[in-house]
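Asks: sharing a model that was predicted from the sequence below.
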Amino acid sequence: MLIREVMTTPVVTIAPRATVRQAIRVLHEHDVTAAPVVGDDGRMVGIVSEMDLLRGAFEADPRAFARPVRAASEPPPPRVEDVMTTEVRTARPNSDAAALADMMIETGIKSVPVLDGTALAGIVSRRDLIAVLARGDARIHDDVTALLAEYGEEQRWTVTVEDGIVTLHGRTGESTRRLADVLARTVPGVTRVTVLDTTGRP
């Protein structure tokens with residue numbers, strides 16, 4: 001599955017000069033955990049997350065402490081450009097979504113902007129990946145069958161799906177098996193594809 005098939009678009013973005021409070025409202029209103037920061041020229045200059053925006057946003061409540069609480073020495077950063085992350089991990093639309101998922105797991109990154117050249121094409125969050133995996137087997141079955149039909153292949157195959165794993169049964173040549181395998185892998189929610197001939201051999 002390619003990243004362009006799972007990414008969210010259009011992307012909620014924030015300007016570098018937006019205030020931290022404005023950015024907090026944008027993330028809250030759009031129910032996202034991070035947003036790319038885009039300058040006036042349309043280029044991404046960073047990304048800002050909930051964690052970035054929460055730093056210094058609250059002052060301690062003296063009612064929660066036995067001793068007086070010292071006031072903060074300085075106010076929280078006022079602008080998004082002061083708190084955003086500038087070294088951003090990005091992805092390409094035609095890259096493998098599985099590799100991106102592995103990277104996000106290893107690094108703990110929650111959202112990855114997708115760039116087509118220098119243009120912001122989309123964003124992939126953990127929620128996007130979970131939504132793909134949450135698709136039911138019946139819907140995956142219908143989508144695989146419909147896709148095979150578009151290429152005139154539906155009569156050659158019996159499709160079964162269990163927990164996102166697609167098994168294609170049919171007696172065909174090697175090139176047809178490869179085509180069916182590639183087509184099935186493009187369907188959102190498919191985690192693995194096995195192509196078998198009618199005798200059960202791969």
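Replies: Here it is on my side, so go on.
Asks: from now on I want contacts and neighbour counts done on CA atoms only, so please keep to that.
Replies: OK.
Asks: now residue 40, what's its secondary structure?
Replies: In three-state terms, and counting by DSSP: H, G, I helix; E, B strand; the rest coil, residue 40 is coil.
Asks: give me the domain ranges for this protein.
Replies: Domains of the chain are assigned by automatic domain parsing as 3-133, 137-196.
Asks: show me what contacts residue 190?
Replies: Going by CA atoms under 8 Å, 6 or more residues apart in numbering, residue 190 touches 133, 140, 164, 165, 166, 184.
Asks: same check, this time on residue 36
Replies: Contact analysis of residue 36 by CA under 8 Å, 6+ apart lists 11, 12, 13, 14, 44, 45, 46, 47, 48, 113.
Asks: tell me the SS of it?
Replies: Classified using three-state DSSP, residue 36 is strand.
Asks: nearest residue to the middle of this protein?
Replies: Geometric centre of the chain, nearest residue: residue 124, 2.2 Å, by CA atoms, centre = their mean.
Asks: give the burial count for the residue nearest to it when sequence neighbours are not counted, as a bare number.
Replies: Spatial nearest neighbour of residue 124, excluding adjacent residues (CA to CA, 6 or more residues apart in numbering): residue 7 at 4.7 Å. Counted with other CA atoms under 10 Å, residues neighbouring residue 7 total 21.
Asks: ok, back up a step: which residues does the residue nearest to the centre of the chain contact?
Replies: 3, 6, 7, 8, 111, 112, 113, 114.
Asks: got the buried residues for the longest helix along the chain?
Replies: Selection of the longest helix in the chain by residue count, based on DSSP state H, yields helix 137-150. Buried residues in helix 137-150, counted by 16 or more other CA atoms under 10 Å: 137, 140, 141, 143, 144, 145, 147, 148.
Asks: swap in stretch 127-134?
Replies: When burial is assessed from 16+ other CA under 10 Å, stretch 127-134 yields the following buried residues: 129, 132, 133.
Asks: quick one: residues contacting residue 140.
Replies: By CA under 8 Å, 6+ apart, residue 140 lies in contact with 161, 164, 187, 188, 189, 190.
Asks: which residue in the contacts of residue 190 has the weakest pLDDT?
Replies: Here the lowest pLDDT out of the contacts of residue 190 sits on residue 133, with 85.
Asks: distance check, it against residue 1.
Replies: 12 Å (CA to CA, to the nearest Å).
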